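>>> sequence below, structure please.
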Amino acid sequence: STEIQSVSFELYMAMRQSLFVLGCISAGRLQRGSSNFSSKFVPNPTEDKTKKATHKMAGTGIKKNKVELHLHLDGSVRPSTLLDVGKRRGMPLPADTVEGLLPYVSMDRPDSLVAMIQVFKFFLPIIQGDRQAIKRIAYELCEDQAKHGVLYFETRYCPHFLTQSQVDKTELTPSEVVELVNSGLNEGSRDFGVKARSILCLIR
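Model (predicted):
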């Protein structure tokens with residue numbers, strides 16, 4: 001039918017754009033994901049609002065010409081946010097300053113996968129099941145990427161890992177987590193002039 005042909009054509013065009021970007025990256029024509037390709041790469045329902053908004057990054061002199069295609073949402077949380085959320089939720093933390101918390105939530109040299117997972121095990125409970133924190137980390141990620149000159153990024157996460165709190169037994173549904181993340185990304189995209197998309201990692 002005409003409708004099926006239209007959908008197939010749109011998928012075809014999206015695949016062509018994706019292959020073009022990946023080809024440019026491989027050929028060294030772009031910085032790691034940097035580009036000046038058309039904003040038509042991915043449709044954005046809030047695009048008109050974004051164009052009309054006064055971005056908070058305006059006037060900073062930061063040139064946004066990069067694309068980040070592999071970014072873990074729950075691995076990009078600001079240490080200051082972890083500190084704030086931990087204190088708000090009454091969680092015992094190993095330090096009461098950002099500098100003191102850094103050794104527990106970051107890795108400054110190559111190590112094993114097991115060592116990296118241990119870092120996640122430390123800070124994930126701080127944000128799990130907390131509506132305010134989940135939306136906040138998505139919003140702040142937009143600001144951080146804008147400050148690094150990123151104009152488009154794709155962040156991935158597993159909604160199930162953020163549903164249940166070990167602190168106050170609060171439990172969200174995976175759908176609620178997705179809505180909170182989308183809300184933070186949409187507001188951040190509007191305020192900081194970036195295009196943010198999410199990739200869901202689902203558990204069967």
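
>>> isn't R156 right up against A196?
No - using C-beta atoms under 8 Å, R156 makes no contact with A196, being 11.8 Å away. Bear in mind the C-beta positions are built from the backbone N, C-alpha and C, glycine included.

>>> quick one, which of those two is more surrounded?
Taking other C-beta atoms under 10 Å, R156 and A196 do not tie; A196 has more neighbours (28 against 16).

>>> then the more buried one would be within a strand, right?
Yes - under DSSP: H, G, I helix; E, B strand; the rest coil, A196 sits within a strand.

>>> for the protein, which segments count as helices?
2-26, 47-52, 79-88, 98-105, 113-127, 131-147, 174-192 (DSSP state H).

>>> so how far is the fifth one from its chain's centroid?
Same thing as helix 113-127. 17 Å (C-alpha atoms, centre = their mean, to the nearest Å).

>>> could I get the CA-only coordinates of that helix as CSV?
Included here for helix 113-127 are C-alpha records, laid out as CSV according to Å, rounded to 0.1, in the frame of the first residue of the first chain:
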residue,chain,number,x,y,z
LEU,A,113,35.5,-4.3,33.4
VAL,A,114,34.9,-5.6,36.9
ALA,A,115,36.5,-2.5,38.4
MET,A,116,34.2,-0.3,36.2
ILE,A,117,31.1,-2.2,37.3
GLN,A,118,32.0,-1.7,40.9
VAL,A,119,31.9,2.1,40.3
PHE,A,120,28.3,1.7,38.9
LYS,A,121,27.3,-0.4,41.9
PHE,A,122,28.3,2.4,44.2
PHE,A,123,26.4,5.3,42.7
LEU,A,124,23.4,3.7,41.0
PRO,A,125,21.6,3.2,44.3
ILE,A,126,21.8,7.0,44.9
ILE,A,127,19.6,7.8,41.9
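
>>> so what touches that helix?
74-75, 77, 82, 85-86, 89, 91, 104-107, 133-134, 137, 161-162, 165-167 (C-beta atoms under 8 Å, 6 or more residues apart in numbering).

>>> now swap in the third one and tell me
Applying C-beta under 8 Å, 6+ apart, the set of residues contacting helix 79-88 from outside is 93, 96-98, 101-102, 105-106, 123, 126-127, 130, 132-133, 136-137, 140.

>>> got the buried residues for that helix?
P79, T81, L82, L83, V85, G86 (16 or more other C-beta atoms under 10 Å).

>>> show me which of those residues is closest to S189.
Using C-beta to C-beta, T81 is the member of the buried residues of helix 79-88 that lies nearest S189, at 18.7 Å.

>>> buried only: go through the contacts of helix 113-127 for me.
74, 77, 82, 85-86, 89, 105, 133-134, 137, 161-162, 165.

>>> turn these into TSV, columns for pLDDT.
TSV is the format used below for those (pLDDT from 0 to 100):
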residue	pLDDT
D74	91
V77	94
L82	95
V85	95
G86	94
R89	92
V105	85
A133	97
I134	97
I137	98
F161	92
L162	94
S165	84
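
>>> between these, which is nearest L185?
I137 (10.2 Å).

>>> which residues touch the closest one?
L73, D74, S76, V77, R78, T81, I127, G184.
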